[in-house]
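> need a 3D model of the following:
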Amino acid sequence: MSGELRLGLNLGYWQRNADDATEVVQTAERLGYDSVWTAEAYGSDAFTPLAWYGARTSRIKLGTSVVQMSARSPVATAMTAMTLDHLTGGRLLLGVGASGPQVVEGWYGQPFPKPLARTREYVDIMRKVWRREEPVTNDGPHYPLPYPGGAGLGKPLKLITHPLRPDIPVYLGAEGPKNVALAAEITDGWLPLFVFPEKIESMYGPSLAGARPGFDIAAMVLVMITDDVRAALDGVKMMLTLYIGGMGAKARNFHADIVARMGFADAAHKIQELYLAGRKDEAFHAIPDELADGISLVGPAGRVRERLELWRDSPVTTLLVMGPRDEPTLRTIRDLVLG
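Below you'll find the model as predicted:
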């Protein structure tokens, strides 16, 4: 049980039409939010918006949720992270993730197999870069340094710039039990997308057993303060329809898999089947209210306050709220979570 919860704001992807959330981030900082997070898929990148917001704030931590490993080599990510961490006074929280085969192979043109081994190698190389103990080499099969072959002139190198922090916190976006266990073993935190707080112990207890002291479970949760619970649940279900139904291949959808492990296997199969058949409205109605309610915090403030106790009784240590952008709602959530 975590008891005390930290509070962060997850902005998701930067979108077109000049989606500048500077005022939102400044408001969150002023209200005492601990962190703000951005994301990337196959649109905007995660680092650039954070640099923009970091230049306009002074205290709030800056997180990536998540940087896709296949988009950059380990040393490229390490260099970008070091630079942003330096420029913002040591505020970066570096979330990385393997993404899925559709994006990795279809967008980045990189192989997806063996994501666990690739992740381990990737994180190890980044930490070698930041420590600057010696020129960076790697004998692993996924990111060999120097490159074997080519011109034959590759030389081990050491980062020119001394990092502000040689131990930049690394988080891992993970959904499967083995990937969560890897996060607990080699990183400083885990970024779960869907969390059913009453079930996290039964789903991931063994995976989290090896976590180091201070390991941060920073769970993303959709929050809506409203008197219309029905409309709020429908909003959650709209998001779930896309993720369960269409975010992944029919035979390889990690979001559908996690919903199945929550105890909704039949529903997940039906939702995906309907969605891929083009029957999206039926897929929406196939999502159980219990699932939508379990992974979110929606309704009047009193209802959200009661449901927050489930999160306080879980291993979650940070709530990364998604959805709210206006100051009154951000203030209400701050008061409910931080008391």
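
> and the pLDDT for K158?
Listed pLDDT for K158 reads 98.

> sorry, wrong one. I was asking about G245.
On the pLDDT scale, G245 gets 90.

> could you give the number of residues near the residue nearest to it when sequence neighbours are not counted?
Ranked by C-beta to C-beta, 6 or more residues apart in numbering and with sequence neighbours excluded, the top spatial neighbour of G245 is Y275, at 2.6 Å. Just so you know, the C-beta spots here come from the backbone N, C-alpha and C atoms, and that holds for glycine as well. Look at Y275: counted by other C-beta atoms under 10 Å, it has 25 neighbours.

> wait, what's in contact with Y275?
Applying C-beta atoms under 8 Å, 6 or more residues apart in numbering, we find Y275 in contact with 241, 244-246, 283.

> the helices in this structure, which residues?
22-31, 47-54, 74-87, 101-106, 115-131, 177-186, 200-208, 229-246, 254-259, 265-276, 280-285, 289-294, 301-312, 327-338 (DSSP state H).

> out of these, deepest packed?
helix 254-259 (a mean of 22; mean count of other C-beta atoms under 10 Å).

> so what does that helix touch, helix or strand wise?
helix 229-246, helix 265-276 (3 or more C-beta pairs under 8 Å, 6 or more residues apart in numbering; DSSP states H and E).

> output it as PDB, nothing but the C-alphas.
Output of helix 254-259 as PDB, limited to C-alpha atoms (Å, rounded to 0.1, in the frame of the first residue of the first chain):
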ATOM      1  CA  PHE A 254      -1.400  -5.600 -25.600                       C
ATOM      2  CA  HIS A 255      -4.300  -3.400 -24.500                       C
ATOM      3  CA  ALA A 256      -6.800  -6.200 -25.100                       C
ATOM      4  CA  ASP A 257      -4.500  -8.600 -23.300                       C
ATOM      5  CA  ILE A 258      -4.400  -6.500 -20.200                       C
ATOM      6  CA  VAL A 259      -8.200  -6.100 -20.100                       C
END
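
> what does it contact?
100, 175-176, 193-194, 240, 243-244, 247-248, 265, 267-269, 271-272, 291.

> hmm, back to that, let me know the closest of the contacts of Y275 to P141.
Comparing the contacts of Y275 against P141 with C-beta to C-beta places G246 closest, at 32.6 Å.

> you'd agree that closest one is up against G278?
No: with contact defined as C-beta atoms under 8 Å, G246 does not reach G278; the gap is 10.6 Å.

> got the contact list for A181?
A181 neighbours (C-beta under 8 Å, 6+ apart): 206-208, 210.

> quick check: it vs T48, distance?
Shown here: A181 relative to T48, a distance of 32 Å by C-beta to C-beta, to the nearest Å.

> tell me the domain ranges of this structure?
6-221+301-338, 227-299 (automatic domain parsing).

> lowest average pLDDT across those?
Mean pLDDT is lowest for domain 227-299 out of those, coming in at a mean of 92.

> count the neighbours of A277 for me.
11.

> oops, could you answer that again for H142 instead?
Residues near H142, counting by other C-beta under 10 Å, number 19.

> can you check the one 5 residues further on too?
Neighbours of Y147 under the rule other C-beta under 10 Å: 11.

> who's in contact with it?
G154 are the contacts of Y147 under C-beta under 8 Å, 6+ apart.
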